[in-house]
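Asks: the following comprises the amino acid sequence and a computationally predicted model.
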Amino acid sequence: MPRATRPANPYHIDTLANGAGLILRPMPQARSVAVGVWVQAGGRYEAPAQAGISHFVEHLLFKGTRRRSCEQLKQQVEGVGGSLNGFTAEEFTCYMAKVPRRFAARALGVLADMVRRPTMQPRDVEKEREVILEEIRMYEDNPGQYVHDLFNQLLWPNHPLGMILSGTIETVRRMSRADLVRYWRSRYQPRGLLVSCAGAFEAQAMARQVRQAFGSMRSARRRPFARAPRPRRGPQVKVWRKDTEQAHVCVGTYAIPRTHPDRFALELLHVLLGGNMSSRLFREVREKRGLVYEIGSQIRRFEDTGAFVISAGCDAGKLQATLQVIFTELARLRRRPVSRSELRRAKDYYAGQLTMGLEDTMDHMLWMGEQAVTVGRVAIPELLLRHLERVGVRDVRRVARRLFETAKMHVAVVGPVSESDTPRLAGVCRVG
């Protein structure tokens, strides 16, 4: 049988002389261009006393530069029908814009100006400080969000991975403009910067524009982030009492680093267990028993660790029953192999979601940019799906048995539940 030919690489990857990265995906059929500037600055690079500083800097970069005011930054993108946004994660910060194809150079210029020439005026620092403090209070009032923060603290206590990305009220209040400028200068370096573009453009012309925009940056040494600590043995259960209508719960465990060979089996395990409305948890917990309205799973991927998280919201009186069903399903995946037909559906779902998502220029830019800034390469979609096809029933069960052990499980609860209920809930957290 002849070997399958390797598909052509649709990505143009290069490195500027100063160390900045560049990845391009021309999509001639598109009518838009998405541009992202990725910086290796995020929660993992922060000391406890400066928790939230990456997020604070992200806010300030939208407030104006030496060439453009805050309003000009927004109007030059939104005024032509585009969108301008940004977000902070644990291992990077991303600034992004999507515009009609003829305004691609303008979008690139706006993002380069933000990243390279922010003014960080004292008055803007104080205004954004108040905005971020309100954002922190908003998250604390949102139990569905806050339970994830509590879960992270449970998995990685006293470590940057367990800190809240927006910081705390105390750390944000303490940050001075000098602290913010110093952090920006140390992290926003070309060797930790990558530009990703997807959409309707000519690759050579776009590469030339990126070099003009970022090629003159001077490089300096950057401090690496703290490695993940050794996993905590469990089960670990944390209850945060809050007078809400529902109890919100996160159940999960440590997973694998983002480049681990078992990552494809893990993706399929996620789809099978909680990735969609056909998943086992949705069927067993919601459809059959009516215990919750919403339940699902997610994978958190980092360079040296990861997490597999199941989240749900239910009436406090149904919390124990919900946990029992979740842990029953985890045990079932450990004990019995999934059927070939169920695995087939999971593979087809993953392939369909990937294929449809990559039709959109913004989704494609985000997909390839995150890979390039974290691992320095981008998977060719066709090759990725070939790897996925090779995953067998035994592979999925092996990963389930590795992850779902009683001694590795962690549970966080936010809602009208007493902390005295912790031992009772811990007694349910058993993977048979």
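Replies: Cool, the structure landed.
Asks: now the residue nearest in space to the middle of the chain: how far from residue 166?
Replies: Nearest to the mean C-alpha position of the chain, by CA atoms, centre = their mean, lies residue 89 at 6.1 Å. Distance, residue 89 to residue 166, using CB to CB, to the nearest Å: 12 Å. Backbone N, C-alpha and C define where each C-beta goes, glycine included.
Asks: for residue 125, same thing?
Replies: 16 Å.
Asks: these two: who's more crowded?
Replies: residue 166 (23 against 20; other CB atoms under 10 Å).
Asks: for the more buried one, helix, strand, or coil?
Replies: Judged by DSSP: H, G, I helix; E, B strand; the rest coil, the three-state class of residue 166 is coil.
Asks: was I right about it contacting residue 132?
Replies: Yes. Judged on CB atoms under 8 Å, residue 166 makes contact with residue 132 at a distance of 6.2 Å.
Asks: so what's the residue nearest to the centre of the chain up against?
Replies: 42-43, 165 (CB atoms under 8 Å, 6 or more residues apart in numbering).
Asks: ok, and the closest non-adjacent residue to residue 307?
Replies: Closest residue to residue 307 apart from its sequence neighbours, by CB to CB, 6 or more residues apart in numbering: residue 300 at 4.2 Å.
Asks: the one you found falls within a strand, correct?
Replies: Yes. According to three-state DSSP, residue 300 belongs to a strand.
Asks: residue contacts, it?
Replies: 255, 306-309.
Asks: distance of it relative to residue 402?
Replies: For residue 300 relative to residue 402 (CB to CB), the value is 16 Å.
Asks: on contacts alone, who are the packing partners of the strand or helix carrying residue 326?
Replies: Here residue 326, judged by DSSP states H and E, is contained in helix 319-335. Packed against helix 319-335 by the contact rule (3 or more CB pairs under 8 Å, 6 or more residues apart in numbering; DSSP states H and E) you find strand 247-254, helix 263-274, helix 280-281, strand 306-314, helix 393-403, strand 410-415, helix 422-428.
Asks: try 6 Å
Replies: helix 393-403, helix 422-428 (3 or more CB pairs under 6 Å, 6 or more residues apart in numbering; DSSP states H and E).
Asks: looking at the contacts of residue 300, which one is closest to residue 150?
Replies: residue 309 (11.7 Å; CB to CB).
Asks: quick one: contacts for that closest one?
Replies: 250, 252, 298 (CB atoms under 6 Å, 6 or more residues apart in numbering).
Asks: go with 10 Å
Replies: Neighbour list for residue 309: 147-148, 151-152, 155, 250-253, 255, 270, 274, 296-300, 410, 412 [criterion: CB atoms under 10 Å, 6 or more residues apart in numbering].
Asks: the closest residue to residue 382 other than its chain neighbours and residue 28, how far apart?
Replies: Of all residues not flanking residue 382 in the chain, residue 7 sits nearest, at 4.2 Å (CB to CB, 6+ apart). Residue 7 sits 17 Å away from residue 28, going by CB to CB.
Asks: same thing with residue 247?
Replies: 51 Å.
Asks: over to residue 96?
Replies: Applying CB to CB to residue 96 and residue 28 gives a distance of 21 Å.
Asks: try residue 179
Replies: 46 Å.
Asks: residue 214 now?
Replies: Distance from residue 214 to residue 28, by CB to CB: 25 Å.
Asks: so between those two, which is more surrounded?
Replies: residue 214 (23 against 9).
Asks: show the contacting residues for the residue nearest to the more buried one when sequence neighbours are not counted.
Replies: Residue nearest to residue 214 in three dimensions, not counting chain neighbours: residue 20, with 5.1 Å by CB to CB, 6+ apart. Contact analysis of residue 20 by CB under 10 Å, 6+ apart lists 14, 37, 189-195, 210-211, 213-215, 217, 219.
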